[in-house]
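Asker: Give me the fold of what follows.
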Amino acid sequence: MKAILKKSSAAEPFSFVFSEDEKTILRSENYKEKRNALKGIESVKKNAGNDARYELKESSNGKFFFNLKASNGQVIGTSPLFATDQDRSAAIATLKQAESAEVEDHA
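Answerer: Reported below is the predicted structural model:
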C-alpha cells in the first residue's frame, strides 16, 4: 500500500491518495499547505485500523463508498464508488493496513 502526496495547480493544491496495486482506495480533500496534507496522511494511518472510524454510504446511483473519519468526526478521506458492498468491504480491509504504507512525495 502507498500513500501518494500530490500537488496540482488548484487554489488548494495539495492532496493525497492511498492506493494498492495502482487502485485508489481513499482520496483526501484538498489542502492549502503541504504540511497539512502530510498530517492528513498520518491521520489516515492512525485511524484506518479502527472500525468505528468508517462511515458506510450509498450514492444516489446505488454505488457503495465510505468516509474515513478522525476521532473528532472530521472526514479525512473518501473512497471511490464500488459496484458492490463486498467490494467496499474489501477496500476497507485493505485500508486497515495503512499504518505501514510508504509515502511517495510527488508534491
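Asker: so who does the residue nearest the centre of the chain touch?
Answerer: Centroid check for the chain by C-alpha atoms, centre = their mean gives L26 as the closest residue, at 2.8 Å. Going by C-beta atoms under 8 Å, 6 or more residues apart in numbering, L26 touches 17-18, 44, 68, 76-79, 95. (Each C-beta comes from the backbone N, C-alpha and C, glycine too.)
Asker: Run a quick neighbour tally on the nearest residue to A83 once chain neighbours are set aside.
Answerer: Excluding its sequence neighbours, the residue lying closest to A83 (C-beta to C-beta, 6 or more residues apart in numbering) is K63, at 6.6 Å. As a burial measure, K63 scores 15 neighbours (other C-beta atoms under 10 Å).
Asker: I'd like the distance between K63 and S79.
Answerer: K63 sits 10 Å away from S79, going by C-beta to C-beta, to the nearest Å.
Asker: repeat for E104
Answerer: Between E104 and S79 the computed distance is 19 Å (C-beta to C-beta).
Asker: who's more crowded, those two?
Answerer: Neighbours per residue (other C-beta under 10 Å) separate E104 from S79, with S79 holding more: 23 against 14.
Asker: If K6 is in a bridge, with which residues?
Answerer: Beta bridges link K6 to S15 when assigned by DSSP bridges.
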